[in-house]
Each structure stands twice: as C-alpha cells, then as structure tokens.
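A.B. asks: Model the structure of this input:
(chains A, B, C, D, E and F)
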4 protein chains.
Amino acid sequence: MNTVDDSARRRELRTAAARLFRKVGYPQATVRDIAKAVGMQSGSIFYYFKTKEDILVDVMNEGMRQFLEAARVPMDDAVHPRMKLRTLLVRHLMTLHQRNNDELAVVLSEWRSLSPRARRQIVAQRDEVEAVWNRVLRELADARLISGDIAILRLAILGAANWSVQWYDKKGKLSIDELADQLLDLFVPISARTAS
Amino acid sequence: MNTVDDSARRRELRTAAARLFRKVGYPQATVRDIAKAVGMQSGSIFYYFKTKEDILVDVMNEGMRQFLEAARVPMDDAVHPRMKLRTLLVRHLMTLHQRNNDELAVVLSEWRSLSPRARRQIVAQRDEVEAVWNRVLRELADARLISGDIAILRLAILGAANWSVQWYDKKGKLSIDELADQLLDLFVPISARTAS
Amino acid sequence: MNTVDDSARRRELRTAAARLFRKVGYPQATVRDIAKAVGMQSGSIFYYFKTKEDILVDVMNEGMRQFLEAARVPMDDAVHPRMKLRTLLVRHLMTLHQRNNDELAVVLSEWRSLSPRARRQIVAQRDEVEAVWNRVLRELADARLISGDIAILRLAILGAANWSVQWYDKKGKLSIDELADQLLDLFVPISARTAS
Amino acid sequence: MNTVDDSARRRELRTAAARLFRKVGYPQATVRDIAKAVGMQSGSIFYYFKTKEDILVDVMNEGMRQFLEAARVPMDDAVHPRMKLRTLLVRHLMTLHQRNNDELAVVLSEWRSLSPRARRQIVAQRDEVEAVWNRVLRELADARLISGDIAILRLAILGAANWSVQWYDKKGKLSIDELADQLLDLFVPISARTAS
DNA sequence: AATGAATGAGGTTTCATTCAT
DNA sequence: CATGAATGAAACCTCATTCAT
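C.D. replies: So this is what the prediction gives:
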C-alpha cells in the first residue's frame, strides 16, 4: 500500500463515497458530490481514482475484505459444528452493523453497477467467503444436524442475515447475539441443539 | 382506468420498463431503452407518461397492488392464527415468484429513486400491507405463540421472504410451500405448533 | 444513404466540421464550435454522429471519395500513357483546389487523429487511389518513358501535388493545367514527350 | 545560452517533446507524457518552460535554426548557379532526414498550434531561409536557366522536398543525392544542364 | 531542482424532455 | 398516436498550470 494506493486522502474519499453510494445509490451519486464531501474540486478526485467506477470497486473491495475477515476466524476442530456456525453468524452480523460500515451495504446493493470485469473480481472474493460457510455447513450435514441442499441453505442464512441491513437498528432491543440465535434456530432446528 | 391511464400500450410500456428497471436498475435504464423494447421512439413515451419517474411510480404501484392483493385474503376467524400467517406467507411468496413479476422486484430495490412525494405514496401502500401482517401477528402474540416486538418480527419474516427474490429459483428442488414452512418454523417456533 | 446517414443536416455538419478541422485542426476544433457553426447546441450533434471521431471519419471518407472519383476516369487504351498521367494529375489537382474543398485538406493532414480502426478504413481507400496511379505508371515504365521504382515515383508525384494545398492560390497566375504540366515534366522528362 | 535557457535538462525535454509532437501531434501530446519521457513529474516541466506552448516554440526554433544552418553555406560566386541550388537542396534534405530530427518534422506540421505572436517569430526565420533560396533562384533566372515566378518555383521545390518527410526512408534504395538530383531535374530542366 | 497534491476551466457525451408535424 | 429533430443541463473526465515544500 503505497501513498497513492492507500493514502489517508484516498481512504477519506472512499469513506465519503461509500456513505453517498449507500444513501443515494452509485449512479445518482455524482463525482462532484463525493468531492464536495471531502472539500475538493471534482477534478481532483481523478488524481486518486482513474474513474468513478474505480471508486466503487475500491469501496466494494474494502467491504468484501471485511466480510472475509469476519469469515476467516481460526476455529478449533473440537468445537461443536453448530457453535462454529454461530460464530460465523455473529461475526458476520457484527461486521455488518458496525458504525459507518457503509462499504458493506454498498457491496450488497450496488453489484449491478459494476462492469463485467470488475464484477468478476468481486464475485471471486464473495466465493471465498461462501467457501468458508460451505465448509461449516458440510460439517453440520455430516453430523446429520441439517438436511437438504447446502447451497440453498447458505443462501437462505446469508440472505436473511444480509437483509437485516435494511431494518436492524443496533440501538434497538434486539441484540446481535439474539438475532444470531434466532436465525440459527431457524436453519439448524432446536432439537439438534445438544452440546452447544 | 380510462384509456390513457391504463391502455394496453401503457401496460406494455410498464411491463417493459419493469423488466429493464429490474435488470439494470432504474437510473441506468434510459427512456430510449424502454421505448426500443416496445418498438417506439423515445419521444412517444411522453404521450403515455409525463416523466420517467412517473413510469417508475406506475411500476411500483402495480407491484404494491399485487402485494396488497396477496395480503387481502378473507380469513375465517376460526382458523388457527399460525395457519393464517402461513397463508399470508405462501401468498406473498407466490406473488413474488410468479413469471415476469418484475414489478415486485422493482418495488423492493428501487425505492431510493423515488422523489419524497412519490415515496410517501408508495410507503402508504406498504403500510397497508404491513397492517394486515401486524393484525395476524397480534393474534399470534395474544395466543402466546410468539414473543417479542411484533414490528421486528414482521421485518424479519418479510425480510427473509423478500431476500429470496435474489436467489430463489422456482424450477429448483425447494417448493414455495416448503420455503414458507421453513420460514414459518423459524419465527413461530415448532414447540408452538400444536393445533395447526 | 437513408435520412440519418446522409441527410441535408448531416452534410451541413460535415461541411462545417471540415472547414473547422482544416482551419484549426481536429483536436482544437471543439464540438461546441462545430455546433455553433450550424446554429445548433453541442448536444444536438450527437443526434447525427455517435462520436466526434465519427465526424472526422465522415469528413475523410467524403474526401477520399472525391479523390477516388478523380482517379476513376475511364481511359481509352489507345491514349498515350503520358497523357493518361496528365489526366490523372489534372483531375487530382482540380479536385484538390475546388472551392471549399476542405474535406480533401483534412484527409491530407488529420490522419494522425484517427483511431487505428478508422485509419485502416481510410488507408484502404487510399490504396485504391494509389492502385490507379500505379497502373498508369506501370504503362509508362513498360514504354520506357520512366525508370526507377514506381512506388517512389508515385509518392513523389502525389507528394508534390498534395503539398500544393499549402500554397496554391487558384486566383494566382499559375493555372492548374500549367501546374500539372510542370510536375509532369519533372517526373516524365521532356525528351520522352513524343506524341502527346 | 545560460543554464536556464539551454541546460542539458532543457535540451532533453525539448528532444523528448519533439519526438512526441511528431508522433501524436502537439495538441494530443500531454505535458504528463513529455515529463514521463524524461522521468519527471509533470509539475517539474514548468521549472524549465513557462507554458506548454513555450516548449513548442523552443522545438520549432531549434528546427528553424537547423534549416537556417543548412541554408547559410558560404558559396563561391564562381560556382555555377545550378550547382548552388543543388547544394542547398542536398543540405536541406540531409538536415531533414538526419536521425531523430523530429524538430524539423514539427516545424513543418505544427505551425497551426502556434499563437499569432509566436507564429510571427517563426515565420520571420522561415523568411530568412526563403531569402537565401530566392537569391540563388534569382541567379538562375538571370542566367535564363529557369523561367516563371521565382516564389512559386521556390514553393514547389521546397514543397516537394519537405513532403518527403512523409515517405522518405533513408535506409531505402534512393540516396539523398539521387533524390536531390531528381528534384533538381524537375525544376531546372535537363537541357539547361551545361557547365555544371 | 523537483515533487505531489490540487485546481478549475473546458472537453465530449448522455439523456430526459419538448414540440411541430 | 407517434415521430424525428433538437434542446440544454449536467455528467464524467482531462489537462495545463500552480504552489508549498
């Protein structure tokens, strides 16, 4: 990460862009808006990013990096598979609802604005995250704790979790741990809850 | 519904617009694209719609109308509340995954593109749908079949259901009934399933 | 040539563009300038041309078409080869110095501004013109009226002729016929002038 | 020629600029391109040149200086006028086709990019060159070796010679001496070649 | 002597919209 | 009903230029 690739100013721009992209959407957020948000002229943006889409790619890469970081937790083999899934879920939801985490919301909503080339790059990272979830779900299936297609189950769990970005309010009554447990109960039925 | 308000041509335009809005997003779908999809020139669109946003409003109104239609099912008071919720859920998911039902996908993804004025109008309809769900959830709460904040529960259920628009494939193994039951089990725990 | 490909307005734009390209050069001629020259707004240009480069391509195609027209004169086999060359030269110079023939000047000076793709297309037309000249020069060589490399000779003749665009004034003393004869004498020496 | 006016670095910049101006044209050559060619940042250029146009003026001055140097050869009055013209022509062509002599090509092609003020300065130098040619052509006319308007003849000779910049390849078969002789024969007809 | 950061004017292009026909 | 032509505001982006360091 040299000065241009991840300078403080570039980070500042990425953050401001993420907030705007989340708020009004990537296509409606103008380069001028982003520049104004950090007190720049619009032309100056292009000292840091080659194109507007590059800003989006940078935002989404950062978002994906955080998702990956949440998924890449070292887990003791001895831990019960259901507990492993719970850990993944809690870390995923925590990452999602941290303060000002606009990058993650953008990852979930703006993939349509990516060029095919950039999309491939982001999808590759998403696949990495899903591979981690698949591994844990495979363990649960091997232990007969879940049944059915693992892929669909993964989509359902991550989908339900990700949708919370649209309504979950971390100042509300429901804690992230509680939300995680509720979702867990849905997909890994209670009767399976033995040694957690 | 006079000739101008809902002529065959106008419906044709709305359908084409919905498909485009879903595929590339409202801001990226140009009036020219929509016109070309029905074999028109872009200028002709404005004989049917005053502005581009009016097309979006029309699409979303139609989407909301369908959601409302799904929610407004006459239900015998004698029916078990859990069964009532199941009926709502099945009808909601059916509506969502019918063929070419792009209006609904647009309702879920493009509310950011509405002006405040139009948004208020759409939100009013959404509130109507939610009121129906709230009534049924209230019955479930009164019968001690669920606990917690009804609003949050409603958001969670509808959220999980709506997210399926991003992954559910009606040609796949999972039937809509099965999906409904899985979701139902999540939010109205199995132990509560007594007299359904 | 349908309405959009060669409408009066499109021709008008091409003519105005050619004049500007010749006067200030393609890169310095702005789309706004061209539009203003025909009393339009800059945005309107793009109803007729997809890009600014397309205007240049259109201008150069028209220029090349005229060069080709000048070269494609039916010639009786019995005519003396030197006379054939003179005909080519006169027609070429006439075409070059007709009134307002800015397209031709642009062909000669703006090839650097073409993208590789467009350049290939223009070069193909130029090759057609050169083929005609080569044929006549071949006849002269076969009749021992000239010696040396035909390609270099062609370049020298056309070069000297084309350079005249930078200085020849048709209102001056030198007529185009006289200019043609002077050039002819240079490359097909006088001693060879027998039956012309 | 103090340190700022003709330092090694400044010469390096001029050379790099000349190459770029020739290759892509002055308007398309960016200051960044020029800077990169000598391993500088674009801002640093302005330590050596006040404006981008000043670079062009410097390049063209250098080009003109070389043309003048070619023209300013001391010539014995006793030499035959036709031989004097040949000397001018050979030196002119040699100067034109020396290795990396991009300044000269730029002189011939980029005069349109000069401001009126700068143009006047360059034109003044060009006039000096032309004066030398005129003097020799006058001698030829006085000796009845040529006829017609001297100015037009000069334009034709220099034009044909200068056009060679677009096609002459010094690695090809035609030597510069041969080219000079061919051109000479054109404008000072063979029959006049008596005492050379 | 040189740089890195930033400017701001201006370029090409897009696109919703208008309107005479 | 529908079109073809045109608009004009605003978008993204470029680039010569400045200036503190």
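A.B. asks: Need the contact partners of stretch A:34-52.
C.D. replies: Here stretch A:34-52 makes contact (Cβ atoms under 8 Å, 6 or more residues apart in numbering or on different chains) with A:4, A:7, A:9-10, A:12-13, A:16-17, A:19-20, A:30-32, A:55, A:58. All C-beta atoms are positioned from the backbone trio N, CA, C, and that covers glycine.
A.B. asks: how far does that stretch stretch from start to finish?
C.D. replies: Start-to-end span of stretch A:34-52 (Cα to Cα, to the nearest Å) is 10 Å.
A.B. asks: do the same with stretch A:36-51
C.D. replies: Using Cα to Cα, the two ends of stretch A:36-51 sit 17 Å apart.
A.B. asks: where does chain A come near chain B, residue by residue?
C.D. replies: With Cβ under 8 Å from any Cβ of the partner chain as the criterion, chain A comes near chain B at residues A:24-25, A:27-28, A:109, A:112-113, A:148-149, A:152, A:155-156, A:159-160, A:162-164, A:166-167, A:172-174, A:182-183, A:185-187, A:189-191.
A.B. asks: ok so, going back, the contacts of stretch A:34-52, buried ones only, as a ChimeraX selection?
C.D. replies: Command for ChimeraX, covering only those of the contacts of stretch A:34-52 found buried under the criterion 16 or more other Cβ atoms under 10 Å in any protein chain shown:
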select /A:10,13,16,17,19,20,31,55,58
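A.B. asks: Which entry within the contacts of stretch A:34-52 corresponds to the minimum pLDDT?
C.D. replies: Taking those together, the minimum pLDDT is found at A:Val4 (49).
A.B. asks: check contacts around A:Arg99.
C.D. replies: Here A:Arg99 is in contact with no residue (Cβ under 8 Å, 6+ apart).
A.B. asks: For chain A, give me the ranges with low pLDDT.
C.D. replies: Residue ranges of chain A with pLDDT under 70: A:1-5, A:189-196.
A.B. asks: My guess is A:Phe187 contacts B:Leu186. True?
C.D. replies: Yes: between A:Phe187 and B:Leu186 there is a contact at 7.4 Å, judged by Cβ atoms under 8 Å.
A.B. asks: How about the residue in chain A that chain B sits nearest to: what's its closest non-neighbour residue?
C.D. replies: Distances between chain A and chain B by Cβ to the nearest Cβ are smallest at A:Leu186, namely 2.8 Å. Nearest residue to A:Leu186 in three dimensions, chain neighbours excluded: B:Leu186, at 2.8 Å (Cβ to Cβ, 6 or more residues apart in numbering or on different chains).
A.B. asks: Could you give the number of residues near that neighbour?
C.D. replies: 21 (other Cβ atoms under 10 Å in any protein chain shown).
A.B. asks: And whichever strand or helix holds A:Ala161, what's buried?
C.D. replies: Per DSSP states H and E: A:Ala161 is located in helix A:150-163. In terms of neighbour count (16+ other Cβ under 10 Å), helix A:150-163 has its buried residues at A:150, A:152-163.
A.B. asks: would TSV of those with distance to D:Arg82 be doable?
C.D. replies: Listed next are the buried residues of helix A:150-163 as TSV, based on distance: Cβ to Cβ, whole Å:
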residue	distance to D:Arg82
A:Ile150	95
A:Ile152	95
A:Leu153	97
A:Arg154	92
A:Leu155	91
A:Ala156	96
A:Ile157	96
A:Leu158	91
A:Gly159	92
A:Ala160	96
A:Ala161	94
A:Asn162	89
A:Trp163	93
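A.B. asks: Can you turn the buried part of the residues of chain A next to chain B into a ChimeraX selection?
C.D. replies: ChimeraX command restricting the residues of chain A next to chain B to the buried ones, with burial defined by 16+ other Cβ under 10 Å:
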select /A:25,27,109,113,152,155,156,159,160,162,163,164,174,182,183,185,186,187,189
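A.B. asks: Strands - which of the residues of chain A next to chain B land there?
C.D. replies: Under the assignment DSSP state E, these contribute nothing to strands.
A.B. asks: on that earlier part again, my guess is the residue of chain A closest to chain B contacts B:Asp185, does it?
C.D. replies: Yes: here A:Leu186 reaches B:Asp185: they are 6.6 Å apart, a contact under Cβ under 8 Å.
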